[in-house]
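> Predicted model, plus sequence, below.
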Amino acid sequence: MSTLILRGRAFDGKSQHPDAVVKIDTINGIILDFGERGSVEVPRDAKKLRLDRDATILPGLVDAHVHFMSSTGHGPNDWAAVPDTLAVLRGAGELRKLLQAGFTSVRELGSKGGPHLAQAVSEGSIEGPDVVSCGRALAQTGGDDDPPGFPLRLAQELASYSYFCDGPWECRRAVRMVDRDGARVVKFYASGAFSRGAKVRSNFTDEETKAIVDESRRLGLKVAAHAYGEEAMERAVRCGVDSIEHGLGLTSSLASEMGKRGTYYVPTLHIYRNPVYKNRDNELVKKHLSEDMQIAREKGVKVVMGSDTIGDRTIPHGRNYEEIVEEARFLGNREALIAATSRAAECLGLENAGMLASGFRADLVVVRGDPSKNTRALAPENIVHVIKRGRLL
Ligand SMILES: [Zn+2]
């Protein structure tokens, strides 16, 4: 067995330790032990990684909402025009950047070739964070992921990242299709996103939503609902989805219900501040960047870090940590760090991940500075080491 020791300040995925030791089995890629200095037995022949006094050890970061759109421009026309092969090759480059930025797991919610990127990482063909992919999303005909202006056939085949499905049986079949494609999570559009005007419409009926959730459960897949507006969120939560993505228009009663059920909330705040984003002045967006997050915090909703980084040339991967900074403004630094480590791993359904603890995956990041004091310590320029499955990169 080969043992690697890291010693220093640590955030273990839930709390801060001023002087801790992490003991890693680099062959099997697991953490053998974690604890305060003195409590962890250090073998004499163990390799030690020297860290600066100002460094902090954390579990590898997790981004629960990303895309690999891989186009040079931004928007459905550009995304549609990228050939699949080029999209996947560019996606591989983006994955490498994510790993260098300290991300060891991501959840991909709509891209070309998502399950293949996931497979290429897991078999070691390319370097990147582990990818939990949705394959394609599920969308109703004429709904949010049916871009206006394309003939239906072209919209389905080229422009959208979804299987269009209408009625409970088509919805069940679409879930079976993404499962067949290699998805590990089901994403569906419970609402629009201003793509058809400033007013948000909810998508899918009760019976369709129940069918999506029920079929996903039968196949052992989690369900993520893209949801804007109270109606869409209420239906998705009541029908039992695992996570609400974006979640614009959160209300107190909805937040209470989510708190009770343990529904995850992935608010993707940072994307709404991007200059490329067209609807920055929408009232729902403005409320999202203020009140929604206050409600989520007050009601104890399980907020998870998801940057919604698009992965095209206008919004490339690498600075996904900005979402953590954004969330910290509302939740405080510690909660924002939990949202990007242990809780995000839980949301993705990753086993033994997101914590510095015995038996957990040896996915770690070492940064310069103390993110519990300033989350900007997680910026790529402050990343000192990334360890994935026990291997130092
Ligand atoms: Zn997204």
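Cool, got the structure. Numbers count the residues shown, from 1 in each chain.

> Run through the helices of the stretch 201-350 of the chain in chain order.
For the stretch 201-350 of the chain, helices defined by DSSP state H, counting those that start in this stretch occupy the ranges 206-218, 230-238, 252-261, 283-287, 293-298, 322-331, 333-339, 342-348.

> For the residue in the chain sticking out farthest from the centre, report the pLDDT, please.
Residue farthest from the centre of the chain, counting by CA atoms, centre = their mean, is residue 44 at 39.2 Å. We have a pLDDT of 92 for residue 44.

> circling back to that earlier point, quick one: closest of the helices of the stretch 201-350 of the chain to residue 127.
Residue 127 lies closest to helix 342-348 among the helices of the stretch 201-350 of the chain, at 19.3 Å (CB to CB). Just so you know, the C-beta spots here come from the backbone N, C-alpha and C atoms, and that holds for glycine as well.

> Give me the buried positions along stretch 310-325.
By neighbour count with 16 or more other CB atoms under 10 Å, stretch 310-325 contains the buried residues 310-312, 314-325.

> Please apply the same query to stretch 161-176.
For stretch 161-176, by 16+ other CB under 10 Å, it's 161, 162, 163, 164, 165, 166, 168, 170, 171, 172, 174, 175.

> Looking at it now, give me its mean pLDDT.
Rounded mean pLDDT across stretch 161-176 is 96.

> So for the closest residue to residue 71 other than its chain neighbours, what pLDDT did the model give?
Distances taken as CB to CB, 6 or more residues apart in numbering place residue 78 nearest to residue 71, at 4.0 Å, with adjacent residues excluded. Residue 78 is assigned 85 on the pLDDT scale.

> Check the protein for its longest helix and report it.
Longest helix of the chain, by residue count under DSSP state H: helix 84-100.

> Now do the contacts for residue 391.
26, 29 (CB atoms under 8 Å, 6 or more residues apart in numbering).

> What confidence value was assigned to it?
Residue 391 is given a pLDDT of 96.

> Show me what the lowest-mean-pLDDT helix or strand in the chain is in contact with.
Within the chain, no helix or strand scores below helix 76-81, which has a mean of 83 by mean pLDDT, DSSP states H and E. Residues from elsewhere that reach helix 76-81 (CB under 8 Å, 6+ apart): 69, 71, 72, 147, 150, 158, 159, 161, 312.

> What mean pLDDT does the helix or strand where residue 63 lies get?
Under the criterion of DSSP states H and E, residue 63 resides in strand 61-66. The average pLDDT within strand 61-66 is 98.

> Can I get it in PDB, CA atoms only?
Extracted C-alpha coordinates of strand 61-66, given in PDB (Å, rounded to 0.1, in the frame of the first residue of the first chain):
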ATOM      1  CA  LEU A  61     -15.400  20.700  -5.400                       C
ATOM      2  CA  VAL A  62     -18.600  19.600  -6.900                       C
ATOM      3  CA  ASP A  63     -20.600  21.600  -9.500                       C
ATOM      4  CA  ALA A  64     -24.200  20.200  -9.700                       C
ATOM      5  CA  HIS A  65     -25.200  22.100 -12.800                       C
ATOM      6  CA  VAL A  66     -23.000  22.400 -15.900                       C
END
